[in-house]
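Asks: Compute the structure for the input listed below.
(one chain, ligands or ions: 1)
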Amino acid sequence: MKCIEICGTRLVVAERPVPKLKAEEVLVKVHAAGVNRPDILQRKGLYPPPPGASDIPGLEIAGEIVTGAGKGKKIVALVTGGGYAEYCAVPAKQCLPLPKNMDFTTAAGIPETYFTVWTNLFDRGHLKKGETILIHGGASGIGTTAIQIARAFGAKVIVTAGTDKKCRACKKLGAQVAINYKTKDFVAETMRATKKAGVDVVLDMVGGDYLPRNLMVLKAGGRHVSIAMQHGRTAELDIFQVMSKRLILTGSTLRPRSVADKAAIAKALHKAVWPLLNKGKLGPVVDKVFPLTAAQDAHEYLESAAQAGKVILKVV
Ligand SMILES: NC(=O)c1ccc[n+]([C@@H]2O[C@H](COP(=O)([O-])OP(=O)(O)OC[C@H]3O[C@@H](n4cnc5c(N)ncnc54)[C@H](OP(=O)(O)O)[C@@H]3O)[C@@H](O)[C@H]2O)c1
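Replies: From the prediction side, this is the model:
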């Protein structure tokens, strides 16, 4: 099969045998694969695949099952690696049906961000109807999904993004307030937008110096959910602020979690979010599609920060 390998810090087209299946896995003929920031980190040697995972990059796919009982089913799947290829071995429990009226290219942008957003907003952040969430990186793949899911479940949404154009795109998706973090101070703007009340949850992909600033905008009982650390993995925080506001600091990574954990998230998504996807009430925002063979260009595009939404590789 045709696939993409990492050679040094570049992506190259290669030929490999179709992957062998482990227990409880199905073989999927991949039609499209999503590109995510963690793939870039993996290419640069900063995010090695967990033990047992394919070294081919790619964490999400849309395609057709070609083996076993599910043969012929059109699906999307979260994978621990191996998505940038014509065929991918996937734990059956990490597959979900292709949403109605959605093509493979669009659907390939679902799994990584929907699994990540669902578990971080609700399992970790305990976001509730009527609460307010601050989402950093609102125009990212994660951000565009988080805006839609938070709004669909009744939260008020404030986002940050790096350009006015991206802020407008976030508002179109449902964010009530969008702050250009390059021209405005997000702490002051968030406090202004909430009439000094602050927010219940912060979904943070920046880390480092953002942590103490995020704590400033959290209300008493607020939850801080870390999903990335683009500004660094260490931060100084005011312990008394955590105590006096009874804050909860949490976070998660998705890729190394067990099949059972991912299956539980898949089940929750299927119940709560798939009906909305099937009705077209929400869906991935696809910014740009590249052919599989141009995977390196797709990475460079994502790294240029030009995108608002998902970057997809079309395989078939
Ligand atoms: N923990 C997990 O399970 C998990 C799973 C998947 C992804 N992630 C992480 O989530 C992040 C988003 O992933 P993605 O694939 O959606 O990537 P992406 O589309 O490339 O998004 C990266 C985003 O970070 C934003 N950003 C950078 N500096 C910022 C700042 N100072 N303030 C606010 N926003 C800032 C950028 O915003 P602008 O372009 O507007 O400047 C950009 O939208 C990545 O860091 C990724 O590693 C974590």
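
Asks: And stretch 307-316, end to end?
Replies: 23 Å (Cα to Cα, to the nearest Å).

Asks: Write out the residues of this protein neighbouring the ligand.
Replies: 36-38, 112, 116, 136-137, 139-143, 160-162, 166, 181, 205-206, 227-228, 230, 252-254, 302, 305, 307 (Cβ under 6 Å from any ligand atom). In this view, the C-beta of every residue, glycine as well, is placed from N, C-alpha and C.

Asks: Those in strands, which ones?
Replies: 160, 161 (DSSP state E).

Asks: Residue 277 contacts residue 101, doesn't it?
Replies: No - using Cβ atoms under 8 Å, residue 277 is not in contact with residue 101; the gap is 9.6 Å.

Asks: Compare these two and say which is more crowded by neighbours.
Replies: Neighbours per residue (other Cβ atoms under 10 Å) separate residue 277 from residue 101, with residue 277 holding more: 24 against 11.

Asks: so who does the more buried one touch?
Replies: Counting by Cβ atoms under 8 Å, 6 or more residues apart in numbering, residue 277 makes contact with 99, 100, 102, 110, 283.

Asks: quick one: contacts of stretch 307-316?
Replies: Residues outside stretch 307-316 that contact it (Cβ under 8 Å, 6+ apart) are 29-35, 58, 63, 84-86, 104-106, 108-109, 113, 139-141, 144, 161, 165-166, 169, 284-292, 294-295, 298, 301-302.

Asks: before we move on, the earlier item: any of the contacts of residue 277 buried? List them.
Replies: 99, 102, 110, 283 (16 or more other Cβ atoms under 10 Å).

Asks: Now the last one: closest residue in space, sequence neighbours ignored.
Replies: Counting by Cβ to Cβ, 6 or more residues apart in numbering, residue 283 lies nearest to residue 277, which is 6.1 Å off, once chain neighbours are set aside.

Asks: out of everything not next to it in sequence, what's closest to the residue most central in space within the chain?
Replies: What sits nearest the mean C-alpha location of the chain, by Cα atoms, centre = their mean, is residue 113, with 2.5 Å. Ranked by Cβ to Cβ, 6+ apart and with sequence neighbours excluded, the top spatial neighbour of residue 113 is residue 145, at 3.9 Å.

Asks: Return the list of helices and strands in contact with the host helix or strand of the one you found.
Replies: Taking DSSP states H and E as the definition, one finds residue 145 inside helix 141-152. For helix 141-152, the packing partners by 3 or more Cβ pairs under 8 Å, 6 or more residues apart in numbering; DSSP states H and E come out as helix 111-118, strand 132-135, strand 156-161, helix 164-173, strand 310-314.

Asks: Would you mind writing the CA trace of the third one as CSV?
Replies: The C-alpha trace of strand 156-161 is given here as CSV (Å, rounded to 0.1, in the frame of the first residue of the first chain):
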residue,chain,number,x,y,z
LYS,A,156,-21.6,30.5,26.5
VAL,A,157,-18.4,30.7,24.5
ILE,A,158,-15.5,33.2,24.6
VAL,A,159,-12.5,32.4,22.3
THR,A,160,-9.1,33.8,21.5
ALA,A,161,-7.6,33.7,18.0
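
Asks: Describe which strands that strand pairs with in its sheet and in which direction.
Replies: Take DSSP bridges as the rule and strand 156-161 pairs in its sheet with strand 132-135 (parallel), strand 177-180 (parallel).

Asks: looking at these, which is buried most?
Replies: strand 132-135 (a mean of 27; mean count of other Cβ atoms under 10 Å).

Asks: Spit out the contact partners of residue 167.
Replies: Counting by Cβ under 8 Å, 6+ apart, residue 167 touches 138, 139, 159, 161, 178, 179, 180.

Asks: And the pLDDT for residue 187?
Replies: pLDDT, residue 187: 98.

Asks: Helices of this protein, residue ranges please.
Replies: Assigned by DSSP state H, the chain shows helices spanning 37-43, 104-107, 111-118, 141-152, 164-173, 186-193, 210-217, 239-244, 259-272, 274-278, 295-303.

Asks: Tell me how far the first one lies from the chain's centre.
Replies: Yep, that's helix 37-43 we're talking about. Distance of helix 37-43 from the chain centroid (Cα atoms, centre = their mean, to the nearest Å) equals 13 Å.

Asks: One more: the fourth one?
Replies: Taking Cα atoms, centre = their mean, one finds helix 141-152 lying 10 Å from the centre of the chain it belongs to.
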